[in-house]
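Visitor: Build me a structure from this.
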Amino acid sequence: MYRAINIIRGIFDNITIVMIILVALFTLLIDGSKLKDSNFTKEYKIVKIISYSYIVFGIIVFIFLRIV
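Guide: Numbers count the residues shown, from 1 in each chain. Model prediction:
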């Protein structure tokens with residue numbers, strides 16, 4: 001158990017988590033608006049789902065690493 005936590009801490013530091021959230025926001029705001037303006041509704045929905053998933057994942061990992 002502790003070995004797995006140390007591996008996760010080694011992979012996900014604060015900069016990595018911030019980068020994951022920033023990439024998700026960039027994708028959602030920049031690429032999502034371009035897809036929405038071009039009437040690519042299916043692709044826009046996919047981008048929204050992936051971006052929101054990355055944001056939630058980043059927040060969960062951040063909270064997990066602060067608790068443990």
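Visitor: Return the residues in contact with the residue nearest the centre of the chain.
Guide: The structure's the chain has its C-alpha centroid closest to Y54; by C-alpha atoms, centre = their mean the separation is 2.2 Å. Contact analysis of Y54 by C-beta atoms under 8 Å, 6 or more residues apart in numbering lists I20, I21, V23, A24, T27. C-betas here are computed from N, CA, C, even on glycine.
Visitor: ok, and for the helix or strand where it lies, which residues are buried?
Guide: Secondary structure assignment for Y54, by DSSP states H and E: helix 41-67. Across helix 41-67, burial judged by 16 or more other C-beta atoms under 10 Å covers Y44, V47, S51, Y54, I55, G58, V61, F62.
Visitor: quick one: which of these is nearest G32?
Guide: V47 (4.9 Å; C-beta to C-beta).
Visitor: what's the nearest residue to the closest one if we skip its chain neighbours?
Guide: Excluding its sequence neighbours, the residue lying closest to V47 (C-beta to C-beta, 6 or more residues apart in numbering) is G32, at 4.9 Å.
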